[in-house]
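Chemist: Coordinates for the following, if possible.
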Amino acid sequence: MHACRWSSAALALTLAAAHALAQDQAPFKHMAADAHPSFAVAAIKLHDPTSSRQGFSSNADRVNIRNESVAAMIVFAYSLNKEQVLKAPAWATDEPYDIEGKADAEGQPNLRQEQEMVQKLLADRFQLKFHIEKRELSVYAVRIAKGGPKLSPAANPNGILDQTGNGGGNVQTIKYSDCSMADFAFGEQFFFDRPVVDQTGLAGKFDFTIRYTVDESRTSDDPNAPPGIFTAVQEQLGLKFESTKAPADVYVIDHIERPSAN
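Modeler: Now for the predicted structure:
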């Protein structure tokens, strides 16, 4: 399964990690909102096949990436879907890496700061260079469903986006706090086969929870098992995913190298 990092099965299996940056349960201090962190140090090595850990996680100023391809790091760093990354060499999609690093600023980075750290790491250690083109792509548009949205305004609208996953196997529960619709669309990128764009027209931030079955084709003995993501979004959030075409940025890889030595 790890031979192809773009397989839908692999993405589904890592759904919780892809949706949410796992955070330690101990109290932590947030990094200053105006900080632009880099990795002070980062150890990069090919993934240990004996480890089952996978995804992007942070604990205070420690940021870890486990069992992720370089192409998946690009997707995370630039809020993309895999279909928006073009001309990546085979090794960049097939070879999974483990990265353990420390930020050069105090406190736990928010999502945007972690993305910025990964962007800088890709440029520095993988020598990533790319250019952006605009193309018409098949996308899923997030729109308001009949009956209107079922979202609560964020209890702390000036807070920092938080997405936490809970559950395992074929059922996932994702709790969103201080989440804009653009943030929600970004979170969905990780397991759809096309880009997701926000067309709700909803401004501001929201708190909400969604519970769904990852793979509806797998039989379940639980009569209370939740529906798949499409139905769950409509029933629980009052939103819907609609297939359409829309202009979208694509990132065309001009140059990339295997990582420099630690």
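
Chemist: ok, which stretches of the stretch 151-262 of the chain are strands?
Modeler: Listed from the start of the chain, the stretch 151-262 of the chain has strands (DSSP state E, counting those that start in this stretch) covering 152-153, 162-166, 171-179, 196-198, 206-213, 239-255.

Chemist: Check which strands are paired with the fourth one and give the direction for each one.
Modeler: Next to strand 196-198 in the sheet, as set by DSSP bridges, lie strand 129-144 (parallel).

Chemist: So which bits of the strand it pairs with are buried?
Modeler: Residues 130, 137, 139, 140, 141, 142, 144 are the ones in strand 129-144 that count as buried (16 or more other Cβ atoms under 10 Å). The way it works is simple: take the backbone N, C-alpha and C, and place the C-beta from them, glycine included.

Chemist: Same check on stretch 154-174?
Modeler: 154, 160, 161, 162, 163, 164, 165, 170, 171, 172, 174.

Chemist: quick one: average confidence on that stretch?
Modeler: Mean pLDDT, computed over stretch 154-174, is 79.

Chemist: Same check on stretch 221-231?
Modeler: The pLDDT scores in stretch 221-231 average 86.

Chemist: list the helices and strands the helix ranked longest in the chain packs on?
Modeler: In the chain, ranked by residue count with DSSP state H as the criterion, the top helix is helix 111-125. Using 3 or more Cβ pairs under 8 Å, 6 or more residues apart in numbering; DSSP states H and E as the contact definition, the elements that helix 111-125 packs against are strand 39-46, strand 55-59, strand 62-68, helix 70-77, strand 97-103.

Chemist: okay, the strands of the stretch 151-262 of the chain in TSV with distance to residue 55 next?
Modeler: Listed next are the strands of the stretch 151-262 of the chain as TSV, based on distance: least, Cβ to Cβ, whole Å:
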stretch	distance to residue 55
strand 152-153	27
strand 162-166	9
strand 171-179	13
strand 196-198	19
strand 206-213	18
strand 239-255	21
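
Chemist: least reliable of these going by mean pLDDT?
Modeler: If you rank the strands of the stretch 151-262 of the chain by mean pLDDT, strand 162-166 sits at the bottom with a mean of 72.

Chemist: just for the stretch 51-200 of the chain, where's the confidence low?
Modeler: Along the stretch 51-200 of the chain, segments meeting pLDDT under 70 span 165-168.

Chemist: switch to 90 and redo it
Modeler: Residue ranges of the stretch 51-200 of the chain with pLDDT under 90: 51-61, 79, 81-82, 108, 110-112, 156-172, 174, 183, 186-193.
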